[in-house]
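Colleague: Next input, structure requested:
(one chain, ligands or ions: 1)
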Amino acid sequence: MAYRDLEFPENFLWGSAAAAHQTEGGNFNNWTEWEKIPSKIKDGSNSSIACDHYNRYEDDFDLAKKLGHQVHRFSIAWSRLEPEQGKWDESEIDHYRSVLQALVDRDIQPMVTLHHFTEPVWFRDLGSWLNPKSPEIFAPYCRKVAEAYSDFDIIWNTINEPMVVTTMGYVFGEFPPEEKDFGKGLTVAKHLLMAHGQAATQVRQVYDEIGREQPQIAPVISVSHFMPADSENDDDLELVDYLDELYNHVWIRGAIEGILPEPAGDGSRYPPLDNSVDFIGLNYYSRMVVSSELDFMAGDMPPKDPELERCEGLDWEVYPEGYYQVLQSFGKKYDKPIFLTENGIGTSDDEVRQRYIINHLQEVHRAIQDGVEVLGYLVWSLTDNFEWAQGFSSHFGLVEVDYETLERKPRESAYMFKGIIEQNALTEDIQEKYLLD
Ligand code: BGC
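Modeller: Okay, the predicted model is just below:
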């Protein structure tokens, strides 16, 4: 196959993403408590010391720098900063100042996520996101973070993947608190939308108070490309539209339009959402094929395509074309730029990762050519890490972690990605080298 150079826009930003609970080690939150229950984590592990990133962040950022990264997305552990409701741990606030400073020292742009799946245990005990007051309970933490770090040049992410928190935790019951109740899921989605509004409002207020120019703020959503098992079956097509709307669009439309949309809300305005989305943070991993003849809510799915490569453990099908499709649909529906805040694959075969990244970037480039405004692309993840219910058995890192010694070793894909960053292009040479072997 003949390849050509695929150039990315000027000022396009490249880097990687991670999250506190998955890399830091030493956390105490709703997940660490849940992980203690036998059989919850597939490989029998728990997050424990994870990658010890809490102590090794400088070395990890040295690696990110060496690998050419321009942006690093990470999350702050709410449970560290506010170990009891209303009580702040100043030493933890200082810790993240050092983390931010370490990025700045290496000329890497920090992108900070306020909520990435985990919560303080006291918040869990108050009913977590089912509590009608949860958005207001979350707000002081957001204010504290904004006050503590507003002197840094930060791109802010409010909530990571609200629909994953909703579906995995409250509809399919595979993450804590293991609820299986669609109605509760809707309530949680609504409260997470309000929490996003509260977070953006707090950050904006703090910047206004100190007279700083407003930063860029975005929620980060997980997007799937839904496809019908039978493209001639009207019921399948209807199911695809329904799920696409419910999973991919309702929440973000609410954030952009400033309303609490049905079916989660009643369509009323929620003023904290006003001006809460500068860009859309978009995470894409895979497609989802659905059939109206199966009970989707019970988790029944059609058989997977044996021809497609899969993500280790999670079994997601590799489907780059879906990236183009979702980018097209987001580009058409919303007048907001998109930052690709996560894309990657868990695999022990780095050649699979190399192909995955290249094939997905080809689709990103195609979407950009067709008019979608994309600001940047972050690989999930810088290093291997604790992959939630999969434990340490799914390897998403550009950098391999030896969990015995905690030694880091960049994989070939990390150097390949470095080459892409340096050229700001997916060159013909890179495509030939990594796709034709
Ligand atoms: C999450 C990450 C996770 C990744 C792979 C996203 O859903 O934001 O925390 O590790 O996907 O599953």
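Colleague: show me what contacts Leu6?
Modeller: 361-362, 365, 425-427, 431 (Cβ atoms under 8 Å, 6 or more residues apart in numbering). In this view, the C-beta of every residue, glycine as well, is placed from N, C-alpha and C.
Colleague: do the same with Glu179
Modeller: 169-171, 173, 185.
Colleague: pLDDT at it, what is it?
Modeller: Confidence at Glu179, expressed as pLDDT, is 98.
Colleague: try Leu436
Modeller: 74.
Colleague: Likewise for Leu6?
Modeller: According to the model, Leu6 scores 98 on pLDDT.
Colleague: now the contacts of Leu6 in a markdown table, with neighbour count, distance to the ligand and pLDDT?
Modeller: As requested, the contacts of Leu6 are exported to a markdown table (neighbours: other Cβ atoms under 10 Å; distance: Cβ to the nearest ligand atom, whole Å; pLDDT from 0 to 100):
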| residue | neighbour count | distance to the ligand | pLDDT |
| --- | --- | --- | --- |
| Leu361 | 24 | 18 | 98 |
| Gln362 | 18 | 21 | 98 |
| His365 | 18 | 22 | 98 |
| Ala425 | 18 | 26 | 98 |
| Leu426 | 24 | 23 | 98 |
| Thr427 | 18 | 28 | 98 |
| Gln431 | 20 | 25 | 97 |
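Colleague: related to what we said a few turns ago, and the contacts of Glu179, which two are the farthest apart?
Modeller: Across the contacts of Glu179, no pair lies farther apart than Gly173 and Gly185, at 10.0 Å, counting by Cβ to Cβ.
Colleague: Leaving out chain neighbours, which residue sits closest to the residue of the stretch 1-150 of the chain found nearest the ligand?
Modeller: Closest residue of the stretch 1-150 of the chain to the ligand, Cβ to the nearest ligand atom: Ala19 (5.0 Å). Leaving aside its chain neighbours, Ala19 sits nearest to His116 (4.0 Å; criterion: Cβ to Cβ, 6 or more residues apart in numbering).
Colleague: Could you do Tyr324 as well?
Modeller: That would be Glu363: by Cβ to Cβ, 6+ apart, it lies 4.1 Å from Tyr324.
Colleague: My guess is the one you found contacts Pro320. True?
Modeller: Yes. At 4.8 Å, Glu363 counts as touching Pro320 under the criterion of Cβ atoms under 8 Å.
Colleague: still on that earlier bit, how much space between the residue nearest to Ala19 and Glu24?
Modeller: Going from His116 to Glu24 by Cβ to Cβ, to the nearest Å gives 11 Å.
Colleague: Equivalent analysis for Ile49, please.
Modeller: Counting by Cβ to Cβ - Ile49 and Glu24 are separated by 9 Å.
Colleague: Check the burial of Asp266 by counting its neighbours.
Modeller: 10 (other Cβ atoms under 10 Å).
Colleague: Got phi/psi on it?
Modeller: With angles defined as degrees, to the nearest 10, Asp266 sits at phi -110, psi 20.
Colleague: can you map out the strands along the chain?
Modeller: With DSSP state E as the criterion, the chain has strands at 6-7, 13-17, 71-75, 109-115, 155-160, 217-228, 259-260, 268-269, 280-290, 338-342, 374-380, 399-401, 408-410, 425-426.
Colleague: Off-centre distance for the second one?
Modeller: Translated: strand 13-17. Put simply, strand 13-17 sits 12 Å off its chain's centre (Cα atoms, centre = their mean, to the nearest Å).
Colleague: try the third one
Modeller: In terms of Cα atoms, centre = their mean, the centre of strand 71-75 is found 10 Å from the chain centre.
Colleague: near the ligand, which residues of the stretch 201-350 of the chain?
Modeller: Selection of the stretch 201-350 of the chain residues close to the ligand by Cβ under 6 Å from any ligand atom yields 222, 283, 342.
Colleague: what's the pLDDT at Met1?
Modeller: Reading off the model, Met1 has pLDDT 77.
Colleague: Give me the number of neighbouring residues for it.
Modeller: Met1, neighbours per other Cβ under 10 Å, totals 6.
Colleague: give me the number of residues near Asp234?
Modeller: 10.
Colleague: sorry, back to before: out of the residues of the stretch 201-350 of the chain next to the ligand, who has the most neighbours?
Modeller: Counting by other Cβ under 10 Å, top hit in these: Glu342 with 24 neighbours.
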